[in-house]
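Chemist: pasting the sequence and the predicted model now:
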Amino acid sequence: MKHWRDQLARASVRAAQSWLFSPATAGAPAYRIIRLPVTFNIRVNGFSTRVHYGQWDVYVPGPVEWIPWLDKRLITGGVDAVPDGAIDQMGRGLHLLTPLKGA
């Protein structure tokens, strides 16, 4: 599993390096930290594993790997909740103001 996770991670980074984003507008932060789901269409024996409308999609979450330089307080919710093609700007959105009791 580690081998395949590394392969898919490398493919994700290669794809992300070709993406272009608009620069920040006046009054906005100089940079933004985002999460963007990446969906892979893997072919097995020449057949696509892509799920079509009306079919069940099996989702197997992988391990959480923290980004060493990222402030963990920015992480709100799971990346699983981000729909395909959507961008999740970290540090925005809903978050708890007080810690959960017993958590």
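Modeler: That came through fine. None of the values given here were measured: they were computed from a predicted structure.
Chemist: and residue 10, which of the three is it?
Modeler: With DSSP: H, G, I helix; E, B strand; the rest coil as the basis, residue 10 sits in helix.
Chemist: what's the worst-scoring helix or strand of the chain on mean pLDDT packed up against?
Modeler: Lowest on mean pLDDT, DSSP states H and E among the helices and strands of the chain sits strand 88-89, with a mean of 74. Counting contacts by 3 or more C-beta pairs under 8 Å, 6 or more residues apart in numbering; DSSP states H and E, strand 88-89 packs against strand 34-35. Quick note: C-beta positions are derived from backbone N, CA and C, even for glycine.
Chemist: so who does residue 36 touch?
Modeler: 16, 82, 86-88 (C-beta atoms under 8 Å, 6 or more residues apart in numbering).
Chemist: mind checking how far it is from residue 83?
Modeler: According to C-beta to C-beta, to the nearest Å, residue 36 and residue 83 sit 11 Å apart.
Chemist: any regions of this protein where pLDDT drops low?
Modeler: In the predicted model of the chain, residues 62, 64, 73-81, 91-95, 102-103 satisfy pLDDT under 70.
Chemist: now the helices for it?
Modeler: Secondary structure of the chain (DSSP state H): helices at 2-16.
Chemist: quick one on the thing from earlier: reformat the contacts of residue 36 as TSV; add distance to residue 43 and neighbour count.
Modeler: Formatted as TSV, the contacts of residue 36 follow (distance: C-beta to C-beta, whole Å; neighbours: other C-beta atoms under 10 Å):
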residue	distance to residue 43	neighbour count
16	22	10
82	25	15
86	25	11
87	27	11
88	28	18
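Chemist: ok, so of those, who is nearest residue 57?
Modeler: Proximity of the contacts of residue 36 to residue 57 (C-beta to C-beta) peaks at residue 82, which lies at 15.0 Å.
Chemist: coming back round to it: same list (the contacts of residue 36) but as TSV, adding distance to residue 7.
Modeler: What follows is these, written out as TSV (distance: C-beta to C-beta, whole Å):
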residue	distance to residue 7
16	15
82	22
86	25
87	24
88	24
